[in-house]
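In: Structure for the following, please:
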Amino acid sequence: MAVITAPTYDPKTTAENLANAYVASSKAMLDKQSSNATATATGLTKLGSALSAFQTAMAGLTTSSTALSATKATFSNTSIGTATATSSAQAGSYAFYVQQLATAGQVSYNVADSAATGAGSMNITLADGSAFQVDLANADTNKDNLLSAKEVAAAINAAADNKSRVTASTMTINGQTRLVLTSAQTGADNAVASIDTSGLGDAGLQGALSNANQTVLTAATNAIVFAGGKNGTKVEQASNTFSIVDGVKFTVTQAQGVNDAAVTLTVAADNSGTATNVQKFVDAYNLLMGTIKTLTAAGDHSLTTGDTTATPTSADAAFYNDSGVINLRDRLNGILRNASGGQSLISYGIIASKDGTLTLDSKRLDKAIAANPEGLDTLFGRAGVGIDSGVLGAMNKLTITWTTGAGGLITQRRSQNDRLQSDLTDRQATLQTKFDNAYKRYLAQFTALQQLQASMTSTSNMFTAMFSSDSDS
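Out: Alright, predicted model coming up:
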C-alpha cells in the first residue's frame with residue numbers, strides 16, 4: 001500500500017511569508033513615498049538654512065555705514081595711530097599733531113586694618129562730579145571683626161552704583177598695604193577726585209582715605225590733538241579715539257615730540273578690501289548654488305544588462321526635477337545677468353561658469369572701479385527690508401519669498417509635507433492591520449492543514465501496518 005507523504009512546513013513562517021506577499025506591493029509604494037517625504041523634509045531644512053545664510057551674507061556686505069566698495073585710512077607714521085574708514089569717507093589727506101594721549105587715573109591710599117563693627121559707608125567722587133556709595137557693613141568677609149585693605153577693595157568693586165567705573169585693588173610696598181583705585185576710562189573727568197569718609201565708623205580708616213593721604217600714581221589726562229598740524233585747531237577729549245574726519249575714526253597710540261612734524265592721515269579707495277568684499281558675495285552665492293545643485297541632482301539612471309527601462313541605481317535628490325527650486329536657481333542666475341545702467345557683474349570681473357558658479361577676476365574689477373568708482377555700489381545696491389536695491393536687493397526679495405515665516409514657500413511646503421507624512425503614517429497603520437489580519441487567517445488555515453495532514457499520515461501508517469506482509473493477522 002502506498003505511503004501518503006506531505007510537505008513539511010512551519011505554519012507561522014508560511015503565514016508570515018504569504019501575508020508579506022499579500023501586502024508587498026502596497027508596502028513598497030508606501031515605503032517609497034515615506035522615503036521621499038523624509039528626504040523632502042531634510043531637503044527643505046537644508047534649503048532654508050542655505051537661503052538664510054545667503055541672506056545674512058548679503059546683509060553683511062552693506063550696512064548703513066558701509067558699502068561693497070571699501071575705503072581705507074592710514075597714518076604716515078603708524079606708530080602714532082591707526083585709522084578705519086567707512087565707505088562714506090571722502091578721499092583726501094589731513095595733517096594732525098598729537099600732543100598728548102588720554103590716560104586713566106590711578107590713586108592710592110595707605111590703609112591699615114580697621115574695626116569692622118559699625119564700619120558705615122563712604123562715597124567715592126569722580127572729577128566729573130558723579131559719585132557712588134560703598135557700604136562696608138558686610139565687608140568683613142572672614143568675620144575677624146577687622147576690615148583689611150583687600151576687603152575694602154572688594155566692597156568698592158561690588159558697589160551697585162560703581163558700574164565698573166573704578167577698579168579697586170591692593171599692593172604692598174615696603175611692607176605697607178596700599179589701596180589702589182584705577183579709573184576704568186581715560187580722561188581727566190573720570191579720575192577719582194576724593195572720598196567722602198564722613199559716614200565711616202573708624203577714625204583710622206577715615207584718616208587713611210582722606211585727600212591728604214591720597215597719592216597720585218598716574219595722572220588722568222585728556223588726549224590733545226591739533227587738526228591741521230602744530231598750528232592748527234586744538235581738539236581735546238577724554239578718549240584716544242577721534243571722529244574728526246567724516247566717515248573716519250582714528251586712535252592715537254603715541255604722543256609726538258616737540259620737534260616732531262605732523263603726521264598725515266590719508267583716506268583713499270581700498271581696492272584690496274573691495275575685492276575681499278566682492279569675493280565674500282561670490283563665495284556666499286557659490287555655497288547656495290552648491291546646495292541647490294545637490295538638492296536637485298539626478299540619481300544614476302544607467303541601464304543595466306537586461307533592463308528595458310532606466311531605473312536609478314542611486315536615488316534622485318529630494319528636489320530632482322522640482323520646478324519651484326529649479327525656478328529659484330534660474331531666477332537668481334537671471335538677476336546676475338541683468339544689466340543696470342549699462343553695467344553688469346561681468347563688467348566688474350564677476351564671471352559665471354557653465355556649472356553656475358562664480359569666479360572673480362580681480363584685475364578686471366580694479367580696472368572697472370578705476371573707470372567708474374561708484375558703479376559697483378550702484379550695481380550691487382543693498383539688501384534689507386525697506387532698503388532693497390540693485391542685485392543684492394533683487395536677490396534678497398526673491399529669497400525672502402522662500403524663507404519668510406508667514407506664508408513663505410518653505411513654510412508652505414513643510415506644512416504640505418507634514419500633512420503627507422501624517423497621512424502616510426495612517427496608511428501604514430492601516431496596512432499593518434491588513435497584514436495582521438492576513439497573517440492570522442493564513443496561520444489558522446495552515447495550522448488546520450498541518451493537523452489534517454498529521455491525522456491522515458497517522459491513518460495511513462495504521463493501514464500500512466495492518467496490511468503489511470509482516471503482520472501476524
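In: How many residues are close by Thr253?
Out: When counting by other C-beta atoms under 10 Å, one arrives at 14 neighbours for Thr253. Every C-beta, even on glycine, is put in place using the N, C-alpha and C of the backbone.
In: cool, and Val225?
Out: When counting by other C-beta under 10 Å, one arrives at 24 neighbours for Val225.
In: Need the pLDDT of it.
Out: The predicted local distance difference test score for Val225 is 98.
In: repeat for Ser473
Out: 49.
In: Tell me which stretches of the stretch 101-250 of the chain form strands.
Out: Taking DSSP state E, counting those that start in this stretch to define them, one finds strands in the stretch 101-250 of the chain at 106-110, 114-115, 121-126, 131-135, 146-147, 166-173, 176-183, 192-196, 215-218, 223-227, 233-237, 241-242, 248-252.
In: ok, the first one: who's next to it in the sheet?
Out: In the sheet containing strand 106-110, the strands it pairs with under DSSP bridges are strand 176-183 (antiparallel), strand 215-218 (antiparallel).
In: that older thread, can I get the strands of the stretch 101-250 of the chain in TSV including distance to Tyr22?
Out: Listed next are the strands of the stretch 101-250 of the chain as TSV, based on distance: least, C-beta to C-beta, whole Å:
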stretch	distance to Tyr22
strand 106-110	89
strand 114-115	94
strand 121-126	88
strand 131-135	84
strand 146-147	89
strand 166-173	81
strand 176-183	85
strand 192-196	90
strand 215-218	91
strand 223-227	88
strand 233-237	87
strand 241-242	80
strand 248-252	78
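In: right, and these - which one's nearest Leu345?
Out: Comparison of the strands of the stretch 101-250 of the chain against Leu345 by C-beta to C-beta identifies strand 248-252 as nearest, at 29.6 Å.
In: tell me what that closest one is packed against?
Out: Using 3 or more C-beta pairs under 8 Å, 6 or more residues apart in numbering; DSSP states H and E as the contact criterion, the secondary-structure elements in contact with strand 248-252 are strand 71-75, strand 81-85, strand 241-242, strand 263-269.
In: could you give the angle of the second one to strand 263-269?
Out: It stands for strand 81-85. When axes from the mean of the first three to the mean of the last three C-alpha atoms, to 10 degrees is applied, the directions of strand 81-85 and strand 263-269 differ by 20 degrees.
In: How far away from the center of its chain is strand 81-85?
Out: Distance of strand 81-85 from its chain centroid, counting by C-alpha atoms, centre = their mean, to the nearest Å, is 27 Å.
In: And for the third one?
Out: Taking the mean C-alpha point of strand 241-242 and that of its whole chain, the gap between them comes to 30 Å (C-alpha atoms, centre = their mean).
In: Let me see the mean pLDDT of it.
Out: Mean pLDDT, taken over the full extent of strand 241-242, equals 98.
In: and for that strand, what are the contacting residues?
Out: Defining contact as C-beta atoms under 8 Å, 6 or more residues apart in numbering, one finds that strand 241-242 is touched by Ala223, Val225, Val235, Lys249, Phe250, Thr251, Val252.
In: ok, so of the residues you listed, who is nearest Met29?
Out: For these, the minimum distance to Met29 (C-beta to C-beta) is 65.9 Å, reached by Lys249.
In: how much space between that closest one and Gly81?
Out: To Gly81, Lys249 is 10 Å away according to C-beta to C-beta, to the nearest Å.
In: okay, these two: which has more neighbours?
Out: Neighbour totals were compared for Lys249 and Gly81, and Gly81 leads with 22 against 16 (other C-beta under 10 Å).
In: show me what contacts the more buried one?
Out: Gly81 makes contact with Phe75, Phe96, Val98, Phe250, Thr251, Val252, Thr253, Gln254, Val263 under the criterion C-beta under 8 Å, 6+ apart.
In: Narrow those to just the buried residues.
Out: Phe75, Phe96, Val98, Phe250, Val252, Val263 (16 or more other C-beta atoms under 10 Å).
In: which of the strands paired with strand 106-110 sits most buried?
Out: Stretch with highest mean neighbour count among the strands paired with strand 106-110: strand 176-183 (a mean of 18; mean count of other C-beta atoms under 10 Å).
In: what's the angle from that one to strand 121-126?
Out: Here strand 176-183 points in a direction 50 degrees away from that of strand 121-126 (the same axes, to 10 degrees).
In: follow-up on the earlier one: I'd like to know which of the strands of the stretch 101-250 of the chain is closest to Ala24.
Out: Between Ala24 and the strands of the stretch 101-250 of the chain, the shortest separation by C-beta to C-beta is 72.7 Å, and it involves strand 248-252.
In: could I get the buried ones among the contacts of Gly81 as JSON lines with pLDDT?
Out: As requested, these are arranged in JSON lines below (pLDDT from 0 to 100):
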{"residue": "Phe75", "pLDDT": "97"}
{"residue": "Phe96", "pLDDT": "98"}
{"residue": "Val98", "pLDDT": "98"}
{"residue": "Phe250", "pLDDT": "97"}
{"residue": "Val252", "pLDDT": "98"}
{"residue": "Val263", "pLDDT": "97"}
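In: what's the closest of those to Ala438?
Out: Using C-beta to C-beta, Phe250 comes nearest to Ala438 of these, at 83.3 Å.
In: where does that closest one sit relative to Leu365, distance-wise?
Out: Relative to Leu365, Phe250 is positioned 28 Å away (criterion: C-beta to C-beta).
In: Pull the residues that contact stretch 391-409.
Out: For stretch 391-409, the surrounding residues in contact (C-beta under 8 Å, 6+ apart) are 47-48, 51-52, 54-55, 58-59, 61-62, 281, 324, 328, 331-332, 335-336, 338, 340, 345, 379-385, 387-388, 410-411.
In: That one: how far from the chain's middle?
Out: 20 Å.
In: then that stretch to CSV, C-alphas only?
Out: Once side chains and other backbone atoms are set aside, the C-alpha atoms of stretch 391-409 remain, and they are given as CSV (Å, rounded to 0.1, in the frame of the first residue of the first chain):
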residue,chain,number,x,y,z
VAL,A,391,21.5,93.0,-7.4
LEU,A,392,21.6,92.3,-3.6
GLY,A,393,18.1,93.8,-3.2
ALA,A,394,16.6,91.8,-6.0
MET,A,395,18.2,88.6,-4.7
ASN,A,396,17.0,89.4,-1.2
LYS,A,397,13.4,89.9,-2.3
LEU,A,398,13.4,86.7,-4.2
THR,A,399,14.9,84.6,-1.3
ILE,A,400,12.6,86.2,1.2
THR,A,401,9.6,84.7,-0.6
TRP,A,402,11.0,81.3,0.4
THR,A,403,12.3,82.0,3.9
THR,A,404,9.7,84.3,5.4
GLY,A,405,8.0,82.5,8.3
ALA,A,406,4.5,83.7,7.4
GLY,A,407,3.4,82.3,4.1
GLY,A,408,6.9,81.6,2.8
LEU,A,409,7.4,78.8,0.2
